[in-house]
Every structure is written in structure tokens, then in C-alpha cells.
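>>> structure for this input, please:
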Amino acid sequence: MLNYKKIVLGTLGYAAITFPLAIVWHLVLFKATYDRLGYFSREEPIIAFGFAAIFIQGAILSLLYPFLCGGLSFVKGAITIALVMGIYHWTMHVLAAAAKQKIEPLSLWFGLETAYLAIQFTLAGLLLAFIYRESPRVVVNSDL
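Have a look, this model is predicted:
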């Protein structure tokens, strides 16, 4: 059974973590490096498209978490979702971009984006594991 409250919390939490991280990482801390790599072909990225992508990713991760990680411990659930979705996203984002765009040097591209995605999906995995954690059961003593 889908828990819509957890799906909404996961979606919003993922966006709250990922969007600021993406902005700071790509457009502040390493902007000059990404420019030098030739990654940004637009003078100004379309921020709304980036936010929409992040929001959709959050919804998908929130929907998938109970199917992939249901019944796992907090730590195993966080690691599982981080690895499965992180590796999937890495192949679509990092590897595919390297195949389609002239990004040089590739070693810098792979290192920088792999570090970014490791941070992103570690935080997202921890967040989703927290949201979907099992609530402790309260035992009521009726003998009182």
C-alpha cells in the first residue's frame, strides 16, 4: 500500500537536499571547472528544468524506496537506494554525457561528477531511510 505522506515527504526532502547542492556544486564551487570542461553549452542554464528534473527524481525515489528497501534496516535501506539509484543515475548522467559531449579531460569529469553523485545519493539514501523507517511499536499495559 502506498503511503502518500511518505512519498510527498521524500519528494520534498530530496528536492530540499539536491537542489541547493546542485546549485552550489555546479554553479558556485566548481563553475569555472565545469566551464573549462566544456560541460555547459548554454551561457545560462535553465534552472526551472533542473528543479523539475530533481522534483521528478525525488518522486520516483520516494515511490521506489519501499519496493527496493522495504524490510531492510535503516543502514541497509540507505545504502541500497543510494547504490541502486546512484549507479543508475551515474550511467545516465556522467557516462552518457561523456559519450555525447566533448568534455576534456574526462578523468576530471568522472571524478568531479562521481563525487557529486556520491554526496547526493548518500544524503538522499539517508533521508529516504529515515522517512521510511519503522516506527517503534508502543506496547500498552492494560493491567494498570
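>>> so where is the chain shaky, pLDDT-wise?
Applying pLDDT under 70 to the chain flags the ranges 135-144.
>>> top helix in it by residue count?
helix 106-131 (DSSP state H).
>>> would you mark the buried spots in that helix?
109, 112-113, 116-117, 120-121, 123-129, 131 (16 or more other CB atoms under 10 Å). For glycine as for every other residue, the C-beta is placed from the backbone atoms N, C-alpha and C.
>>> who's in contact with His26?
By CB atoms under 8 Å, 6 or more residues apart in numbering, the residues touching His26 are Tyr34, Pro45, Tyr116.
>>> and the first one, how far from Ser41?
Counting by CB to CB, to the nearest Å, the separation of Tyr34 from Ser41 is 11 Å.
>>> and which of the buried residues of helix 106-131 is nearest Thr91?
Leu117 (10.5 Å; CB to CB).
>>> Tyr132 is in contact with Cys69, isn't it?
Yes. Counting by CB atoms under 8 Å, Cys69 is a contact partner of Tyr132 at 7.0 Å.
>>> now the spatially most central residue of the chain: closest residue in space, sequence neighbours ignored.
Closest to where the C-alpha atoms of the chain average out (CA atoms, centre = their mean) is Phe121, at 4.2 Å. Spatial nearest neighbour of Phe121, chain neighbours left out: Gly86 (3.5 Å); criterion: CB to CB, 6 or more residues apart in numbering.
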